[in-house]
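1. Could you work out the structure for the sequence below:
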Amino acid sequence: MDHRKSQPHRNVTHAIAIGSVVIAAIAGSASADIIIDGGFENQAVVQNNRYWQQANGARWGAGWSNWGWSSWQGNFSGAWVGGSIAYTEEHGAGWKWAHSGDVFGIIKDRQTMSQTFTATESGVGTLSWFDANRAAWRNLDWYGRPNDYSVTITDSLGNMQLIGNYTSVVAGGNSYSGSGPGWWTTEGKSTWFAKSGTGFTMVAGMSYTLSFNSLSPYNYDAGGNITGVDDRTTFLDDISLTVIPAPGTAALLGLGGLLAARRRR
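-> Predicted coordinates:
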C-alpha cells in the first residue's frame, strides 16, 4: 500500500485541527481593558487632602480643599462625566473605604455617571465592577436603604443596549446602634459586592457611552405630584470593560488554514 496517497488527507486533518485551535484561542481571548480610570484615582488630585489622623494611623474624615461635613466632589476632571467621587473614610459616605486605592465613584438620587470611548475591535463586551451602599447614620436609617440603578451602553447613533439592572445594599445591615453595623464596623466600611454584565455587542471604530444610572424613587405628595427624589446612593469602584472578538474573525483564520491545505493537495 502506498502510504503517500493518504498525505493530502492528513494535511487537511491537520489544517482543521489548527483552525479549531485558532478559533478556540481567539474566541476565548478578551481585549485589554477599555475603560480609563475605572478606579477613579485620576478624577481628582488626592494628595495632601485634609483628614484627621487617628492614634492607630488610620485616616478619619478625609476631605478635599473645601472640606466640610461632606466632601464629595463632582467628577470635574478626567474620563468620567457626572456623578461624584469621595475619598476613603469620607464622613458623608459613612467612612467607607475604597475597594482599591483611595477614591470611589458615587451616583445619587437620579444621577448618571458616564464615560465615552471608541471600540478598538468588534465583539461581545463584558463589564465588571464593585458596588456598595452608604450605611445609616445615628437615627437616620434612610441613608442605607437599597438603591436600584441601571447600566447601559449607547453608540454614537443613539442605539442603547441595557447591560442590566442592579441594586446596591449595605454590608452587615443598615440599622444604626451606636457602633454600627455598617457605619463604624470594619465589615461595613470595607465590604464591596462584585457585579458584572455581558452579552452586549460593540463594533470596531464606533463611539460608545457607558452609563451608570441611579434610579432612586421619586417622592410624591398627597395629590400625587412629584416633590423630589428619595435620598439613596450607590458607590462604584474598579470598573472594567473587555471585549471578546467576534467569532467571524476566528472562523476566517480557520478557513484560511483549510484553503491552504486544499491548495497543497
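2. Low-confidence regions, the protein specifically.
-> 1-30, 44-71, 73-77, 136-142, 173-184, 247-265 (pLDDT under 70).
3. Helices along that one, start to end?
-> 7-27, 186-190, 247-264 (DSSP state H).
4. tally of neighbours for Asn219?
-> 12 (other C-beta atoms under 10 Å). (Each C-beta comes from the backbone N, C-alpha and C, glycine too.)
5. Kindly tell me how buried Pro146 is, as a neighbour count.
-> Neighbours of Pro146 (other C-beta under 10 Å): 12.
6. What's opposite Thr198 in the beta bridge?
-> Under DSSP bridges, the beta-bridge partners of Thr198 are Thr126.
7. pretty sure it contacts Gly123?
-> No. Taking contacts as C-beta atoms under 8 Å, Thr198 lies outside contact range of Gly123: 11.0 Å.
8. Which one of the two is surrounded by more residues?
-> Gly123 (23 against 13).
9. what sits against the more buried one?
-> 31, 201-202, 243-246 (C-beta atoms under 8 Å, 6 or more residues apart in numbering).
10. Mind doing that once more with 7 Å?
-> 202, 243-246 (C-beta atoms under 7 Å, 6 or more residues apart in numbering).
11. can you check Gly164 too?
-> Going by C-beta under 7 Å, 6+ apart, Gly164 touches 151, 197.
12. What's the separation between it and Thr234?
-> 14 Å (C-beta to C-beta, to the nearest Å).
13. Restricted to strands, list the contacts of Gly123.
-> In this view, the contacts of Gly123 that belong to strands under DSSP state E are 202, 243-245.
14. from those, which is closest to Ile226?
-> Met202 (35.9 Å; C-beta to C-beta).
15. Tell me which stretches of the stretch 151-265 of the chain form strands.
-> Using DSSP state E, counting those that start in this stretch, the strands of the stretch 151-265 of the chain run over 160-168, 193-202, 207-214, 218-220, 226-229, 233-245.
16. Among those strands, which comes closest to Gly39?
-> It is, among the strands of the stretch 151-265 of the chain and with distance given as C-beta to C-beta, strand 233-245, at 5.3 Å.
17. Can you work out which other helices and strands pack against the closest one?
-> Applying 3 or more C-beta pairs under 7 Å, 6 or more residues apart in numbering; DSSP states H and E, one finds that strand 233-245 makes contact with strand 103-108, strand 123-132, strand 147-155, strand 207-214.
18. tell me the most buried of these?
-> strand 103-108 (a mean of 25; mean count of other C-beta atoms under 10 Å).
19. that older thread, as JSON lines, the ones in strands among the contacts of Gly123 with neighbour count would be great.
-> Output for these, formatted as JSON lines (neighbours: other C-beta atoms under 10 Å):
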{"residue": "Met202", "neighbour count": "24"}
{"residue": "Val243", "neighbour count": "23"}
{"residue": "Ile244", "neighbour count": "17"}
{"residue": "Pro245", "neighbour count": "18"}
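20. now these in TSV, with distance to Ser150?
-> Formatted as TSV, these follow (distance: C-beta to C-beta, whole Å):
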residue	distance to Ser150
Met202	18
Val243	21
Ile244	23
Pro245	27
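21. How many residues are close by Asn159?
-> Asn159: 10 surrounding residues under other C-beta under 10 Å.
22. where does it sit relative to Leu210, distance-wise?
-> Applying C-beta to C-beta, the value for Asn159 to Leu210 is 14 Å.
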